[in-house]
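> got a predicted structure plus its sequence, pasted below:
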Amino acid sequence: MSMASLFSQPAAANEPLRLVVEVNEGVRQVIGVSRRVNLVAINAMIVAKQAGRQASGFQVVSAELRRFSGQLDLQMQDLDRFIASLVHTVAGSARVRRHRAHLDAIDPKSPASAAIADAKQRIDTARRRIDDESAERWCDLRKHLDQALRLCGTGVALSRAAKIEAVYASTLGGDLRQVADEIEAAILSILGILKTLRSDVAR
Amino acid sequence: MKKTTVIYQEGSHQWAVVARDPERPNYLIDTNEYLISDGDRSLLTDPGGSEIFAAVFSALTMHTDPQCIEAIFASHQDPDIISSLALWLEFNPALKCHLSWLWSEFVPHFGGTDQTFVNIPDEGETIRLGSLALEALPAHYLHSSGNFHLYDRKAKLLFTGDVGAALLPPGSDLYVRDFDRHIPHAQGFHQRWMGSNEAKLDWCERVSRLPIDMLCPQHGAIYQGADVMRFINWFAELPVGTGVRR
């Protein structure tokens, strides 16, 4: 490899790191929305309690929604920690690839070709190990996102149940319906973010 | 491609310099790497940045077996000095890197383990290489706060890192041929990169007492003979740390 080509590595080499950054950003967005769901659910519980028996169903559902947002928050925090270790692996992979490119740029006529071949072999072994580890981690990331998506499915069902229960809350029905709509919109936005991430990671 | 040139030879004792890379991208400063050998045992000074590793390695291996390089001397911590460390370790994981203690927790970010580094105390020390005793001379604040030069008393050669450096036009000679025409290329570099007149005068005073046949900087051209003292005198007179006021 010539010096010129060494200095113009394809941008695709940074793709895994860019994807990790995207996933990290998505996780932060989900954590933000999930905390909003938690707050809205607390408010809904208070309003439903004030409404008494008329809104007892809504009270139960909003308590479940609160539990859901807590679980989602924990899952996202787990994912956040997992991503930190993924960054380590991806950076390690980028580093050994860069090392390999530097060795490839050595003059092929060098009398030290045996030493160069040995060094390349060591780097390739390290690269294979890191790549295997990396593949395993990407697979784990997909599993983490699948779990979060399943949980989100429960959230969507809960938000729909909240809308139904709002209908039975007579005089406060309008207010609670508005709250339920807000929760549904938030959960659907979480679902959208997670689906995009899942599809990006699968790709 | 960079070229290796022997600049001193006495029996199995040798200094060779790897210099002048015509294929170097213009955004990278050109560097000189010196290989000091006693028979098949070698030490490499300021091996350079990772981006020029291939060029240095290719040139050097035309001259020596890279596995004979048992030590690296890093005058200071800059990337153009030592960021290629991890790549050199690929060829000899037992390689030792002699470096100011001040940078002992910084340079490992370029590679190496606690087994790699030999910390040089502020007052300097002697580095053994076969039968050679190379002296790490303090040159702190010229320009780094933990900075050393390497003196070979037997060969009367002094490696001076960034001191004596010059930003020369492409195709310049390896040696300073006309001091007066050369030195303007060194002036701005020293005014800006050297921060302490006190440190400079202390260095000039100590170094002027040493017998030196060649003063070998990491950038630019090698001073030899009377030009060595000419440079020391010029440097002693030059107000440094003034680059920002130009």
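Done, it's in.
> so who does the residue nearest to residue A:140 when sequence neighbours are not counted touch?
When the adjacent residues along the chain are set aside, residue A:140 lies closest to residue A:82, with 6.9 Å between them (CB to CB, 6 or more residues apart in numbering or on different chains). Using the backbone N, CA and C atoms, a C-beta is placed for each residue, glycine as well. By CB atoms under 8 Å, 6 or more residues apart in numbering or on different chains, residue A:82 lies in contact with A:137, A:140, A:141, A:144.
> ok, these vs residue A:66, which is closest?
Of all the contacts of residue A:82, residue A:144 has the smallest distance to residue A:66: 22.5 Å, by CB to CB.
> and that closest one, how close does it get to residue A:197?
Using CB to CB, to the nearest Å, one gets 10 Å for the distance from residue A:144 to residue A:197.
> so which of the two has more stuff around it?
Legend: neighbour count by other CB atoms under 10 Å in any protein chain shown for residue A:144 and residue A:197, higher for residue A:197 (26 against 21).
> before we move on, back to that, tell me which helix or strand the residue nearest to residue A:140 sits in.
Taking DSSP states H and E as the definition, residue A:82 sits inside helix A:56-104.
> check the offset of that helix from the chain's centre.
Mean-position distance between helix A:56-104 and its chain equals 5 Å (CA atoms, centre = their mean, to the nearest Å).
> and the helix or strand following it with helix A:56-104, angle?
Read in the C-terminal direction, the helix or strand following helix A:56-104 is helix A:113-167, with elements assigned using DSSP H and E. Put simply, helix A:113-167 runs at 170 degrees to helix A:56-104, going by axes from the mean of the first three to the mean of the last three CA atoms, to 10 degrees.
> just the buried residues of the helix or strand that comes right after helix A:113-167, please?
The helix or strand immediately downstream of helix A:113-167 is helix A:173-202, counting by DSSP H and E. Residues of helix A:173-202 classed as buried by neighbour count (16 or more other CB atoms under 10 Å in any protein chain shown): A:173, A:175-177, A:179-180, A:182-184, A:186-187, A:190-191, A:193-194, A:197-198, A:201.
> helices and strands of chain B: which one bottoms out on pLDDT?
Of all helical and strand segments in chain B, the minimum by mean pLDDT, DSSP states H and E falls on helix B:53-61, at a mean of 90.
> list the contacts of the nearest residue to residue A:126 once chain neighbours are set aside.
Nearest non-adjacent residue to residue A:126, counting by CB to CB, 6+ apart: residue A:96, 5.3 Å away. Residues in contact with residue A:96 (CB under 8 Å, 6+ apart) are A:123, A:126, A:127, A:130.
> hmm, back to that, average pLDDT for the helix holding residue A:82?
This predicted structure assigns helix A:56-104 an average pLDDT of 87.
> ok, the nearest residue to residue A:169 once chain neighbours are set aside to chain B distance?
Spatially, and ignoring its direct neighbours in sequence, residue A:169 is nearest to residue A:55 (4.0 Å; CB to CB, 6+ apart). Residue A:55 sits 60 Å away from chain B when distances are taken as CB to the nearest CB, to the nearest Å.
> what about residue A:55, neighbour count?
Using other CB under 10 Å, residue A:55 has 27 other residues around it.
> up against chain A, what does chain B have?
When proximity is defined by CB under 8 Å from any CB of the partner chain, chain B lies next to chain A at B:1, B:23-25, B:50-51, B:53-55, B:57-58, B:61-62, B:65-67, B:86-87, B:90-91.
> so where do the strands sit in chain B?
Here chain B has its strands, by DSSP state E, at B:3-10, B:13-19, B:33-38, B:41-45, B:69-73, B:96-100, B:117-120, B:125-129, B:132-138, B:148-152, B:157-159, B:214-216, B:223-224.
> what's near enough to touch the residue nearest the centre of chain B?
Among the residues of chain B, the one closest to the centroid is residue B:161, at 3.5 Å (CA atoms, centre = their mean). With contacts taken as CB under 8 Å, 6+ apart, residue B:161 has the following neighbours: B:46, B:75, B:76, B:81, B:139, B:142, B:147, B:148, B:149, B:217, B:218.
> make JSON lines from those residues and add pLDDT to it.
Formatted as JSON lines, the contacts of residue B:161 follow (pLDDT from 0 to 100):
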{"residue": "B:46", "pLDDT": "97"}
{"residue": "B:75", "pLDDT": "98"}
{"residue": "B:76", "pLDDT": "97"}
{"residue": "B:81", "pLDDT": "95"}
{"residue": "B:139", "pLDDT": "98"}
{"residue": "B:142", "pLDDT": "96"}
{"residue": "B:147", "pLDDT": "98"}
{"residue": "B:148", "pLDDT": "98"}
{"residue": "B:149", "pLDDT": "98"}
{"residue": "B:217", "pLDDT": "98"}
{"residue": "B:218", "pLDDT": "96"}
